[in-house]
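Trainee: Give me coordinates for this.
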Amino acid sequence: MFTLKQVVKQSIQTSMKNGVMSSAVKRSFSTVGGINQPKSRKELSESFLDGTSSTYVEDMFANWVKDPKSVHPSWASFFESSERGVPAGEAFMSPPTLGTSTATKATPSTYAPTGSPKQVSDSMRLLLLVRAYQVRGHALANLDPLGLEVKEEPAELNPAKYGFTEADMDKPIFVGEDLISGFLTNKQPETTLRQVLKRLKETYCGDIGIEYMHIQIILKASQPVEIPDKEKIKILERLSWADQFEGFLGLKYRATRRFGLDGCESLIPGMKAMIDTATEDGVESIVLGMPHRGRLNVLANVVRKPLPAIFNEFNGGVISIEGEYSATGDVKYHLGTSYDRVTSSGKKVHLSLVANPSHLEAVNPLVEGKVRAKQHYSNDTEQKKSMAVQLHGDASVAGQGVVYETLHLSNLDNYSTGGTVHIVVNNQIGFTTNPKYSRSSKYCTDVAKTIDVPVFHVNGDNVEAVVKVCKIAAEWRQRFKKDVFVDIVCYRKHGHNETDQPKFTQPINE
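Mentor: Numbering: from 1, shown residues only. The predicted model follows:
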């Protein structure tokens, strides 16, 4: 009684003796004949050469000899390559994809390494290092303008952990044509450890730190955002307006609380760039929610509330312009407004800043509800025309439960608003408490990881970096309809407010 292996082996041997297949095709099949004969990985990849398929392959080969067009293009390529003496594993041609009508021809490898264990090991170790920077590179990012924290390099970001030494920095490492792609590639089958480390540090350890590896969706990397000189001039103008506004209030109303934006003026050009980007992508209405810090500056320079109305409120009065402003009995840095603004490209967008009491994050569900209502009544089924923007403080975003509760409504069909842009003004302090005494997590934004959204940490003193991540945040929201966090790491210049004693409310700077 014959076993299956014996039957297969006999069938192949009989076919070869009868001369049905050419010597080249026989050579491919002969690798199957030896039951205990070891095979290379390429040979194992051609599972269709299994002996159980020999009759089927013989028939197709016979038909191909008579008429090459009578068989599938992938088989025609295989037989043609085999006739030319191409080794097993390189003769196969993949079938056509859904988007093409022709198969992909088998092409010889552009690199022919010896395949030594050392070469394979170097390539794999390099990929592990790249992965480590993707996950933990933000830990070395230059985020703090004050330089308060002394950062230690995580062990997994040290090339020595993967067996690399200084002598390996400029040795060529095989990466193929697709093993490393995007911004890391030099479009060559080889690279060096020094080249890859340079790009990794530029991307993940500069003034922007990115947390995205926790996201459970596949993302396609895009090219880095570049800012042209003309836009840099616009950024400088917007930054100057923000700084001059705070300077004027500090000089004119020295003894009055205003909860100024001093120390995070880059928020203004960042928000305006985010609004410009969103309107270019179809947004017509933006609802904003924010705490009291920086509210007056946002009202004046982002929403464009008339300056006479703001200055009059410092004197205890309220100006009513076309019914837009009315007495509410609340302090000036809790008030909201609504205004139609024309962007630099000429498009009109409606901005609405919701009034907010001293409860900081209490406004979050109100903003989401207002955006949801706008989308409902405007029949915005794609949730593309109305967008929510939430501003947070570093202590409140980590400490108030309403933030977590609102985030967990974001992906529910009956509550979703198509994604919210969250901007954290990270003063690195609460009322008087330093972060290491107020939370267990490394970042105040770690709550964002519960809903699989990206977090961009950025140095508040690098205004161009702030503008870049704000533009990316707007693009992310419009494309994926999901939340995104921008964590602007900055500082408070004057303590909790302008009338407090900094020694008590600003110990971080003392």
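Trainee: List the buried residues of stretch 239-246.
Mentor: Residues 239, 241-243, 245-246 are the ones in stretch 239-246 that count as buried (16 or more other Cβ atoms under 10 Å). For the C-beta atoms, the positions are set from N, CA and C on the backbone; glycine is no exception.
Trainee: Using PDB, write down the CA coordinates of it.
Mentor: This file holds the C-alpha atoms of stretch 239-246, laid out as PDB (Å, rounded to 0.1, in the frame of the first residue of the first chain):
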ATOM      1  CA  LEU A 239       2.000  86.600  17.000                       C
ATOM      2  CA  SER A 240       2.700  90.400  17.300                       C
ATOM      3  CA  TRP A 241      -1.000  91.200  17.700                       C
ATOM      4  CA  ALA A 242      -1.300  88.600  20.500                       C
ATOM      5  CA  ASP A 243       1.700  90.000  22.300                       C
ATOM      6  CA  GLN A 244       0.700  93.600  21.900                       C
ATOM      7  CA  PHE A 245      -2.800  92.900  23.100                       C
ATOM      8  CA  GLU A 246      -1.500  91.400  26.400                       C
END
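Trainee: Contacts for that stretch, please.
Mentor: Residues from elsewhere that reach stretch 239-246 (Cβ atoms under 8 Å, 6 or more residues apart in numbering): 260-262, 265-269, 296-297, 300-301, 463.
Trainee: biggest separation within these, which pair?
Mentor: Greatest spatial distance among the contacts of stretch 239-246 (Cβ to Cβ): L296 and V463, at 19.8 Å.
Trainee: show me where the protein has strands.
Mentor: 172-174, 190-192, 208-211, 285-289, 337-342, 348-353, 386-393, 420-426, 455-459, 484-489 (DSSP state E).
Trainee: Where does the prediction get shaky in the stretch 151-300 of the chain?
Mentor: Within the stretch 151-300 of the chain, the segments meeting pLDDT under 70 span 176-187, 218-224.
Trainee: re the thing from before, turn the buried residues of stretch 239-246 into a markdown table, including distance to N427.
Mentor: Shown next, in a markdown table, are the buried residues of stretch 239-246 (distance: Cβ to Cβ, whole Å):
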| residue | distance to N427 |
| --- | --- |
| L239 | 18 |
| W241 | 21 |
| A242 | 16 |
| D243 | 17 |
| F245 | 19 |
| E246 | 15 |
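Trainee: on that earlier part again, can you redo the strands of the chain as a markdown table with mean neighbour count and distance to E80?
Mentor: Output for the strands of the chain, formatted as a markdown table (neighbours: other Cβ atoms under 10 Å; distance: least, Cβ to Cβ, whole Å):
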| stretch | mean neighbour count | distance to E80 |
| --- | --- | --- |
| strand 172-174 | 17 | 29 |
| strand 190-192 | 17 | 31 |
| strand 208-211 | 22 | 48 |
| strand 285-289 | 25 | 60 |
| strand 337-342 | 14 | 64 |
| strand 348-353 | 18 | 60 |
| strand 386-393 | 26 | 56 |
| strand 420-426 | 25 | 56 |
| strand 455-459 | 25 | 52 |
| strand 484-489 | 26 | 51 |
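Trainee: Would you format those as TSV with distance to Y437 included?
Mentor: Below are the strands of the chain laid out as TSV (distance: least, Cβ to Cβ, whole Å):
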stretch	distance to Y437
strand 172-174	45
strand 190-192	45
strand 208-211	23
strand 285-289	27
strand 337-342	37
strand 348-353	32
strand 386-393	16
strand 420-426	16
strand 455-459	21
strand 484-489	18
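Trainee: Those strands: which one's closest to V367?
Mentor: strand 285-289 (3.7 Å).
Trainee: quick one: contacts of that closest one?
Mentor: Residues contacting strand 285-289 (Cβ under 8 Å, 6+ apart): 275, 278, 298, 302-303, 349-354, 356, 363-364, 366-367, 370-371, 374, 378, 385-391.
Trainee: Indicate each strand paired with that strand and its parallel or antiparallel sense.
Mentor: Take DSSP bridges as the rule and strand 285-289 pairs in its sheet with strand 348-353 (parallel), strand 386-393 (parallel).
Trainee: Check the gap between the residue nearest to K384 when sequence neighbours are not counted and G270 for me.
Mentor: What sits nearest to K384 in space, not counting adjacent residues and going by Cβ to Cβ, 6 or more residues apart in numbering, is G282, at 4.9 Å. According to Cβ to Cβ, to the nearest Å, G282 and G270 sit 21 Å apart.
Trainee: Give me the pLDDT for the nearest residue to V402 once chain neighbours are set aside.
Mentor: Of all residues not flanking V402 in the chain, E361 sits nearest, at 5.0 Å (Cβ to Cβ, 6+ apart). On the pLDDT scale, E361 is placed at 91.
Trainee: Start the count at 28 instead of 1 going forward.
Mentor: Will do, 28 is the new start, and the previous item becomes E388.
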